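In: Everything below, folded, please.
(chains A and B)
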Number of protein chains: 2
Amino acid sequence: MAPSAITPPQGVQSSTELTTAAVARKIAETAPELINNGVNTKMGLRPLDASKLKFTKTTTPMSVPQPGDPIINTSSQCTDHMITAHWNSTTGWADPELRPYGNLSLAPTASCLHYATECFEGMKMYRGFDGKLRLFRPDANCRRMLMSSTRISLPAFDPSELEKLIKVMIAVDGPKWLPRPGSFLYLRPTMIGSAPALGVATPKEATLFVISTFMPPLDSPNGMKLLASTNGVRAWPGGFGYAKVGANYGPSLMANGEARARGYDQVLWLLNGTVTEAGASNFFVVWRTKEGKVQLVTAPLDGKIILDGVTRRSILQLARERLTDNKTGLESLEIVERNFTMEDVVEASRDGRIIEAFAAGTAYFVCPVSVINYKDEDLDIPMVRGNSGDYAALIKSWLTNIMYGKEDHEWGVVVPEVEDK
Amino acid sequence: MAPSAITPPQGVQSSTELTTAAVARKIAETAPELINNGVNTKMGLRPLDASKLKFTKTTTPMSVPQPGDPIINTSSQCTDHMITAHWNSTTGWADPELRPYGNLSLAPTASCLHYATECFEGMKMYRGFDGKLRLFRPDANCRRMLMSSTRISLPAFDPSELEKLIKVMIAVDGPKWLPRPGSFLYLRPTMIGSAPALGVATPKEATLFVISTFMPPLDSPNGMKLLASTNGVRAWPGGFGYAKVGANYGPSLMANGEARARGYDQVLWLLNGTVTEAGASNFFVVWRTKEGKVQLVTAPLDGKIILDGVTRRSILQLARERLTDNKTGLESLEIVERNFTMEDVVEASRDGRIIEAFAAGTAYFVCPVSVINYKDEDLDIPMVRGNSGDYAALIKSWLTNIMYGKEDHEWGVVVPEVEDK
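Out: Numbers count the residues shown, from 1 in each chain, chains lettered A, B, ... in the order given. Model (predicted):
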C-alpha cells in the first residue's frame, strides 16, 4: 500500500482530478447509506446535509508516520483531509466540504477565540483484525455533539448527518492512514462560533469541522495515579459539566499541572467531597460494601455534573449484561450509579474493601488506577493482574473485541471504504 | 483629515514605505516611555518586549465608518492595524508585531478551538474634549490580563509591556480612527493557546493579539431589565468566575438568550441565592438599611466568584472619596462589599428601601437597572432622574469627566499619538 497518495477509488478513472462527482458516484454505488438524507427538505434554514458534500482532493498528500515516529506523541499529525461545514443564522448550513487538511482562517473577532463558543467530540476509528474499519457507537457521539452545541449556543443539526460526514471522511482517509489491524486513529468533530463580531451574543456564524489525528498511547503501565482536588472544582449544579464544551477543559489545566508537578497523572475532581470525574474521564470503583456485596459504583448523570461518557455508558451496560450472573468466573457485581464521597473511598480503603478502580473514556479507554492521594495521604488501589484489576481487564477485553471486530456487536459499526489500491 | 490612509508622522519623510525604523524613531522622539523596557535582559525564556516591536503598515487602509453607519452595530469593524506576539514554551516571546488587521491562521488542532485556552480584556480609548487620546487605568487591565492568562494556563508576561504595546497601537490608529471628541473605540487584548496539538495539556504555543473595534452604544434608555437566574449558575467556589477567560462567557449565552426571549436584557446571576453579577457586568444596589443608613452594596471579591472589574473598583473608590461626606448634595453613602441575597433585595423592594441599582463594566459603563424579575415577579427599581438614579448619574459623570479629560486625574492616561496630518 503506497502511503504517499490516495489513488482513485475502484471504478473511477485514474486522473489527477478526483472529482466530487466521481467520489459521490463511487460512494453512492458502494455505500448509499452514507449520503442518503431524508430530512433535508424542510422549510426555512437549510439543514446540515451530507448528501450535498463537495469533495476536493489534496494535491499535497502527506506521509503516514510509522509506529515509533515521534510526531505521533505530539497529537498534531492529521490525515490528508478534513470535513468542514459553515452555518449562518440567515441561511442555515452551507454544503459541507471534504477538503485538504489545512489551517482555518478566523477573524480576530471570532466568537470562539473570546467566549469559548466551542464544543467537540472524541471518537476513534479502529482497523479490525478482520481488516474492516469500524467506529464505536458513532450515533452516541453525534447525539452528544448536538447536546453540547445546543448548550453552548451553537447551531443544531441532525446527528445522523454528522455521522454520515464522519463516515465519508474516514472512508476516504482510512485506507491510507489506518492500514494496520489492531490500531486506531483519533477523530475530533468540532464546532466553533466563527462570526466576526465581538458582542457577547449567540454567534451568527459557526463552523463545523472533523479532523483525524494520531494519538500517543495513553496507557499508564503502572496504573493512573490520581490526586483528589480539595480546592479546585471542575463543575457545579447549574453549570455545564455534562456538556463536551471547551469551557470544561482549559480551566482544568492549572490543577492538572499542579497534580503532575506532585507526581500524579490526573486530578480526581470532587464536588463538596463527592467524587465526580478523573481528569477528563469518568471514574469507577469496584468495592465490597459493608454488607458484603461486590459493587461497581460510578457518579450519576442526573446532577448534570459529569459527562455522559460513551465508554462509561458501554461499561455499565456490559457489566449489567455480563457481570451480574457469575458466568465469568468473577464474583457478581451490583451496578450502581450514585453519589459517593472521597470519605467513602477512604473508609473502604482502610477497611480493605476496595477491589479496584479505573478511569474510562475514549482517550484513556479503560485505565486502571493505582493510587489516589487525598489530603496528603496516598491510598493504594489494588491491581491484582499486575497492571489492572480483574474486572477492568475483562471489561476492556470485551470492548476491545467489539472495536476490533473479534466480537460481532451492534456497537462496532463497519464503515465502507473508498479503497486505496 | 483624510480617512483613507495613515500619512507618515511629522518629521518622517513622506514615502509610500513607512518603515519600522521610522515609526520607532518617531515614537522614541515623542514618547520614549512607550518603548523603554528595563526587564528584557533576564536569562532563559525571552520576555514579552515592546521595545522589539516590528511595524508593517497596511497597504489597504480601510474607510472609517461615520456615525450611524450600520456596521458600527455589528462590533466587527476593526481599525487598520493589530498587535500580535507569539510565544512558545522553548524560546518564550518572539518580537511583537504591529501589522495590518487581518485574519488569524490557526491549525484545526489549536488548543483554543477545543479547550477554551483563551483570555481577554475589555478596554476603551477615549478622544477627549481637549483633543487628547486617553486610556482609563490601562495598568489595571494589563495586570488582570496576566492573572487571567495564568488561570487558564497561558504564558506570563510583564503587564507593563502589554500596556506599551496597546499604547503604540492606538498611537498609530487613534488619529485616523478616533477623531471626534467625546467618542471612544473598544480595545480587545486577547491571548489564545495556538499550539497545533490535540492533547488536553498546557499549550506549548500561544498568540497574544490586540484589536480595536467600533461598538454600538449599549445604553438602555429605559434602564436595564434583569432576570434573576434561578437555575443557571455562572460561577462557583473553586472555579474561575474571577478570571476574564472565555469559559465564563459562552456558557452564559443560553441563559441570556432565554432572558431576552422573556423580554429582559440580561441575567442577574445568583449563587445559592446570593447576587453576583448582572450579565457580564458587576452589580450595585443603593438601598436604605433597616437601620436607616443609605448603603452602596456590591458582591465581594474574596470568594473569587465575580470579576474584579476596573469600573467596579473605580466606582467604589470614587464613592468612598466623594460620597461619604455629604458634599455632593446627596445623602452620604456607606460603601459595603459583602454577600447579599436576592431575598434581601426583594425585602428591601417591598419595604420601599431600594433607592437605585445599576450594572457597571467597561462595555455597559454605568447602566441603571429598572426592573429585576425574581421567581416570576417584577421588582421595579426607582430611576428618579428619568433614566437613572442620582448616585449612578453622579458617579457616571465623574468617570466620564476623567475619561474624556474634563477632570485631570491619574486614571485618565494620555497616550501620545503618531500624528495624522
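
In: domains for chain A, by residue range?
Out: Under automatic domain parsing, the residue ranges defining each domain of chain A are A:13-60+A:70-213, A:224-403.

In: so residue A:114 touches residue B:253, yeah?
Out: No: shown here, residue A:114 and residue B:253 do not form a contact pair, counting by CB atoms under 8 Å, at 11.9 Å. The C-beta positions use only the backbone N, C-alpha and C, and glycine is treated the same way.

In: rewinding a little: go through the domains of chain A and name the closest to residue B:196.
Out: domain A:13-60+A:70-213 (4.6 Å; CB to CB).

In: Off-centre distance for that closest one?
Out: 14 Å (CA atoms, centre = their mean, to the nearest Å).

In: Stretch A:64-79 too?
Out: That offset, for stretch A:64-79, works out to 19 Å (CA atoms, centre = their mean).

In: could you give me the average pLDDT of it?
Out: Averaging pLDDT along stretch A:64-79 gives 90.

In: same question, stretch A:266-273
Out: The average of the pLDDT scores along stretch A:266-273 is 97.

In: Could you check that stretch and say which residues are buried?
Out: Residues of stretch A:266-273 classed as buried by neighbour count (16 or more other CB atoms under 10 Å in any protein chain shown): A:266-271.

In: what do you get for stretch A:245-259?
Out: Buried residues in stretch A:245-259, counted by 16+ other CB under 10 Å: A:245-256, A:259.

In: which one among those gets closest to residue B:382?
Out: For these, the nearest to residue B:382 is residue A:247 (36.9 Å; CB to CB).

In: Tell me which residues touch the closest one, please.
Out: By CB atoms under 8 Å, 6 or more residues apart in numbering or on different chains, the contact list for residue A:247 reads A:116, A:152, A:240, B:116, B:246-248, B:250-251.

In: can you list the residues that contact stretch A:83-100?
Out: Identification of contacts with stretch A:83-100 by CB under 8 Å, 6+ apart yields A:23, A:44-50, A:52-60, A:80-82, A:155, A:157, A:165-166, A:168-169, A:172, A:194-195, A:204-210.

In: In contact with the most centrally placed residue in chain A, which residues?
Out: Nearest residue to the geometric centre of chain A (CA atoms, centre = their mean): residue A:122, 2.2 Å. Neighbouring residues of residue A:122 by CB under 8 Å, 6+ apart: A:141, A:186-188, A:244, A:361-363.

In: mind checking pLDDT for it?
Out: Listed pLDDT for residue A:122 reads 97.

In: From residue A:258, how far off is it?
Out: Plainly put, residue A:122 is 24 Å away from residue A:258 if you go by CB to CB, to the nearest Å.

In: Just give the number of residues close to residue A:58.
Out: For residue A:58, the neighbour count with other CB atoms under 10 Å in any protein chain shown is 18.

In: Surely it and residue A:101 touch.
Out: Yes: between residue A:58 and residue A:101 there is a contact at 7.2 Å, judged by CB under 8 Å.

In: what's the overlap in contacts for those two?
Out: A:80-81.

In: Tell me where the stretch 101-250 of chain A has strands.
Out: Using DSSP state E, counting those that start in this stretch, the strands of the stretch 101-250 of chain A run over A:104-106, A:118-120, A:123-127, A:133-136, A:183-193, A:205-213, A:224-228.

In: Looking at the buried residues of stretch A:245-259, which are in helices?
Out: Counting by DSSP state H, the part of those found in helices is A:253-256, A:259.

In: Can you lay out these as TSV showing distance to chain B and pLDDT?
Out: Formatted as TSV, these follow (distance: CB to the nearest CB, whole Å; pLDDT from 0 to 100):
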residue	distance to chain B	pLDDT
A:253	4	97
A:254	5	96
A:255	9	96
A:256	8	95
A:259	12	96
